[in-house]
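Asker: Using only what follows, build the 3D model:
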Amino acid sequence: MFWRKSSPTRQRSALNSAIFRIKQQLAKIDGIYLISSGPVIVLRFAPSVKIDSRDFAEIVHSISIEEPMSEATAESLYKALQSCSAPYMDGVSSDWVLAERERFFNLQIRGMTILMHWLGQNRRYEDALEIGRNLLTADPAREAAQCEVMWLYVLNGQRAQALRQYQEFSNWLKRELDIEPMLETQALYNYIRSDFGVRNQGSSTGEGDLQSHRNAFNHFLGAIERSRRDLYNTLISPPH
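Answerer: All right, here's what the predicted structure looks like:
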């Protein structure tokens, strides 16, 4: 690649010289090692060396859905997300980089989803919405996140914005893919628009009531999901 006009022997000599000089420079840095053995070259890092992508992956994988996240873990996750906001190895288009970039992008989405849920559960709706909007900027087609952001707007007293969020998403889907939102998303929009399935004119809806409505609606969505799963299993089952 770098010495195309030279003979193979000179190319090998130039490569060996370059690797030797790189190893000399890295030797001045604690915890980073370039190891060359025959045709194999490996760059190794000691555990003490801070690598933002590695630290971020460890934080995301350490969080259990079954156990509540602590304030300290949430703060660490937020800082890790901030430090890894740029695309992974941006500008490099090798196949392995593209695969790793996609894997890391999915980790970022997972981390933002976890943090958005935690902030919402702790009634920090403005912070949760900020994370949610960033998530949807990165991946606007993620419909579950669209629904979560709609709920967060409602819980934050921005019901009209929740409805606008649906309309913008619906228009985007129509424009980009010529499809409609999923039935669950449409049902949520109608549920919010119809005053949460009831019409108590003149009565105010408190935050506790909104949470109850949300729990009831999630119960309804669970029933839809079970029905879809049953239908899918029927479709893939071999005929008797």
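
Asker: My read is that residue 148 contacts residue 115, right?
Answerer: No: if you go by CB atoms under 8 Å, residue 148 and residue 115 don't touch, sitting 11.7 Å apart. For glycine as for every other residue, the C-beta is placed from the backbone atoms N, C-alpha and C.

Asker: name the element the residue sitting nearest the centre point of the chain belongs to?
Answerer: In the chain, the residue lying closest to the centroid (CA atoms, centre = their mean) is residue 109, at 0.2 Å. Assigned by DSSP states H and E, residue 109 belongs to helix 95-121.

Asker: Please spell out which residues along that helix are buried.
Answerer: 101, 104, 107-108, 111-120 (16 or more other CB atoms under 10 Å).

Asker: which other residues reach whichever helix or strand comes after that helix?
Answerer: Once the chain leaves helix 95-121, the next helix or strand it forms, by DSSP H and E, is helix 125-138. With contacts defined as CB atoms under 8 Å, 6 or more residues apart in numbering, helix 125-138 is touched by 105, 108-109, 112-113, 115-117, 119-120, 142, 145-146, 148-149, 152-153, 155-156.

Asker: Go again with 7 Å.
Answerer: Under the contact criterion CB atoms under 7 Å, 6 or more residues apart in numbering, helix 125-138 has outside partners 109, 112-113, 115-116, 119-120, 142, 145-146, 148-149, 152-153, 155-156.

Asker: Any buried residues in that helix, and which?
Answerer: Buried, per 16+ other CB under 10 Å, within helix 125-138: 125, 127-129, 131-132, 135-136.

Asker: just checking, next helix/strand downstream of that helix?
Answerer: helix 143-155.

Asker: In terms of secondary structure, what does the helix or strand that that next one is followed by contact?
Answerer: Next helix or strand after helix 143-155 toward the C-terminus (DSSP H and E): helix 159-177. Using 3 or more CB pairs under 7 Å, 6 or more residues apart in numbering; DSSP states H and E, the elements in contact with helix 159-177 are helix 143-155, helix 183-193.

Asker: Now for the buried residues of helix 95-121: which two are most distant?
Answerer: The most widely separated members of the buried residues of helix 95-121, counting by CB to CB, are 101 and 120 (28.5 Å).
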